[in-house]
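Chemist: after the sequence you'll find the predicted model.
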Amino acid sequence: MYARIEEKKSTILFVSLITFILLTQLVAATAWALGTQRYVHHGLGSDAYDGTWRTFERDLLDDLHDAQPGVDIINVDAFLIRGSGYVDEIKLLPRENQGDFVVPSGKSYMQLQNVDSRPTLSSWHGPTYVQVLDRPFRLYQLDDFAVLGKLNQGPNSEMGKIRVSLYDDSMKEILRIIWRDCWAASAKTQIRTIYKDANGNTHTASPGYIYGDAVIDARMWYQASTETIKSTIDGMTATHATAADPARVVKYMVIQGHRYQGNSLIDLRIKDINVKVDLNAENPNAPEPGEPVEYDGTNQGPSDADVGEKFVGGYEQMASEAVSATWDGPWPVLNIACNLIVHSLSFIMTLKVDLLGSLSVTELTLTHPVLDSATDEQLQASTDTVMALSPVRFYSAVVSVSRITAKFFATFGKLPGAQGAFAASLLAYVTASIMLTITIAQEYMNSALSALDAFIGLVVLVWGVIFAGNTISKQSIFGRLLGFLDKYRSTPLEDWGYHDTFF
């Protein structure tokens with residue numbers, strides 16, 4: 001980072017960073033104080049505010065590593081300035097790559113090389129590579145996360161480490177396989193497998209130290225039978241912990257290679273990395289149902305389906321006899337007529353449906369001996385009795401308002417948020433209609449309504465539902481044909497991108 005500042009009094013330049021660990025604020029201040037969980041302070045010197053223009057160049061990663069070794073920067077989020085000085089120019093310059101993973105000529109492994117010596121930096125440093133998985137998966141689908149590598153020992157002063165990790169879609173580490181030599185005074189190797197659960201706890205397994213060269217053959221996986229994370233290192237199996245959130249989405253694989261200060265880099269190699277998943281695995285917190293069991297509709301359990309087939313067949317026969325369909329021309333219109341008589345109840349309905357999907361009710365008759373014997377005054381009195389009930393008035397008002405709202409958004413379907421509003425209106429309409437039916441039934445059971453009153457209320461309700469569905473259907477077709485408010489059309493938001501590699 002390059003900044004040109006004139007300071008007469010204290011000036012603070014905040015640099016907000018997004019890292020793999022947390023959101024960090026790097027603060028370039030006029031005093032040294034490395035210190036909080038959120039802020040990393042770096043002083044610019046007491047002579048920085050003498051009133052003259054000065055140019056400062058800071059290595060943000062070096063400054064961050066002073067407080068948080070091993071943490072890497074993903075992005076610079078913002079520059080914030082506080083104080084009485086003047087800032088003329090700020091530039092964010094690219095940082096040179098800290099090293100490479102290269103495949104030596106004629107070899108079949110990847111090796112950490114070209115990591116600069118940094119004797120003044122008291123931390124680990126080196127390259128980080130982030131690979132977005134072609135097919136993200138759930139943790140409970142992980143069959144095998146395997147890494148094969150090697151560490152060749154040399155003089156005792158050589159140090160270095162490599163870690164291969166899986167991260168979730170929130171950039172939080174889940175699984176890590178690491179091998180390293182962290183001791184300048186001795187030639188020993190340590191291999192570890194690490195599981196970081198959703199609660200922030202770390203669970204580690206290691207077979208201990210290996211003196212001399214080491215072949216790394218480590219694996220981690222989700223054990224469905226015990227719902228735990230398990231690992232094996234050179235044949236030694238360990239159980240890390242119960243998976244706190246097995247449904248976490250694994251999206252990134254991260255490879256890091258580190259060198260310590262100015263110590264010589266030890267020979268670190270990656271021979272193979274393999275991730276194997278079972279996309280048919282079941283979520284332990286929401287398992288899929290088992291094989292379907294055949295029932296005939298009775299409560300005796302599995303049996304022959306003859307009874308159920310006869311029951312359904314009877315209604316199919318009734319429907320086929322009651323419903324007929326004909327076509328009109330020249331404009332094709334489908335006429336559907338229903339003439340059904342069941343237990344003294346006569347129901348006649350005729351529908352018309354055209355090629356555009358417009359549906360209209362041309363006839364609707366519902367008769368019953370109770371209705372036939374009632375006078376007009378009795379029918380009106382029954383209607384007034386039903387509508388006098390406060391719950392009926394309330395739900396009727398909800399039905400009316402939601403029907404009007406649904407009609408509006410069916411017409412202007414391209415307004416922002418129209419689809420959600422239309423769905424909410426329909427949900428309110430259906431819910432209120434159901435509550436109306438329940439209310440009428442409850443009032444009848446409580447003897448607040450007579451059989452005639454309740455029957456009239458249900459007839460009015462059925463007619464209202466059919467009428468509303470008809471008008472909403474017409475308005476939806478009307479809106480589609482005229483293409484209202486095309487200016488509100490927009491392409492879907494682009495998916496959040498991420499570089500295949502990150503330096």
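Modeler: Looks like it came in fine. Residues are numbered from 1 along each chain as shown.
Chemist: where does the prediction get shaky in the stretch 151-300 of the chain?
Modeler: Along the stretch 151-300 of the chain, the model assigns pLDDT under 70 to residues 286-300.
Chemist: which parts of it are strands?
Modeler: Ranges of strands within the stretch 151-300 of the chain are 160-168, 173-181, 188-196, 202-205, 209-211, 214-223, 228-233, 236-242, 249-260, 267-277, based on DSSP state E, counting those that start in this stretch.
Chemist: which ones are touching residue 195?
Modeler: If you count contacts by C-beta atoms under 8 Å, 6 or more residues apart in numbering, residue 195 has them with 174-175, 202-204, 220, 229, 231, 240-241. For every residue, glycine as well, the C-beta is placed using N, CA and C.
Chemist: okay, the residues you listed in a markdown table with neighbour count next?
Modeler: Below are the contacts of residue 195 laid out as a markdown table (neighbours: other C-beta atoms under 10 Å):
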| residue | neighbour count |
| --- | --- |
| 174 | 24 |
| 175 | 24 |
| 202 | 12 |
| 203 | 17 |
| 204 | 14 |
| 220 | 25 |
| 229 | 29 |
| 231 | 24 |
| 240 | 22 |
| 241 | 15 |
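Chemist: tell me the one among those nearest to residue 281.
Modeler: Taking C-beta to C-beta as the measure, residue 281 lies nearest residue 229 of the contacts of residue 195, at 14.2 Å.
Chemist: give me the distance between the two termini of stretch 91-106.
Modeler: Stretch 91-106 has its terminal residues 42 Å apart, counting by C-alpha to C-alpha, to the nearest Å.
Chemist: how far away is the closest residue to residue 178 other than its chain neighbours from residue 217?
Modeler: Nearest non-adjacent residue to residue 178, counting by C-beta to C-beta, 6 or more residues apart in numbering: residue 163, 3.8 Å away. From residue 163 over to residue 217 the distance is 16 Å, taken as C-beta to C-beta, to the nearest Å.
Chemist: quick one, which of those two is more surrounded?
Modeler: More neighbours surround residue 163 than the other of residue 163 and residue 217, with 20 against 17 (other C-beta atoms under 10 Å).
Chemist: quick check: bridge partners of that one?
Modeler: residue 178, residue 256 (DSSP bridges).
Chemist: quick check: the gap between it and residue 196.
Modeler: 12 Å.
Chemist: and residue 281, how many neighbours does it have?
Modeler: So residue 281, with other C-beta under 10 Å, has 18 neighbours.
Chemist: same check, this time on the one 3 residues further on
Modeler: Residue crowding around residue 284 was assessed by other C-beta under 10 Å; the count is 14.
Chemist: so who does it touch?
Modeler: Contacts of residue 284 by C-beta under 8 Å, 6+ apart are 140, 224, 227, 246.
Chemist: which of those sit farthest apart?
Modeler: Largest separation among those by C-beta to C-beta: 224 and 246, giving 9.0 Å.
Chemist: what residues do these two have in common as contacts?
Modeler: Here residue 224 and residue 246 share the contacting residues 140, 284, scored by C-beta under 8 Å, 6+ apart.
Chemist: neighbour-wise, which of those two wins?
Modeler: Higher neighbour count among residue 224 and residue 246: residue 246, with 21 against 17, using other C-beta under 10 Å.
Chemist: so who does that one touch?
Modeler: 138-140, 222, 227, 283-285.
Chemist: try residue 167
Modeler: Here residue 167 is in contact with 20, 173-174, 250-254 (C-beta under 8 Å, 6+ apart).
Chemist: tell me the two of those residues that are most distant?
Modeler: 20 and 250 (15.1 Å).
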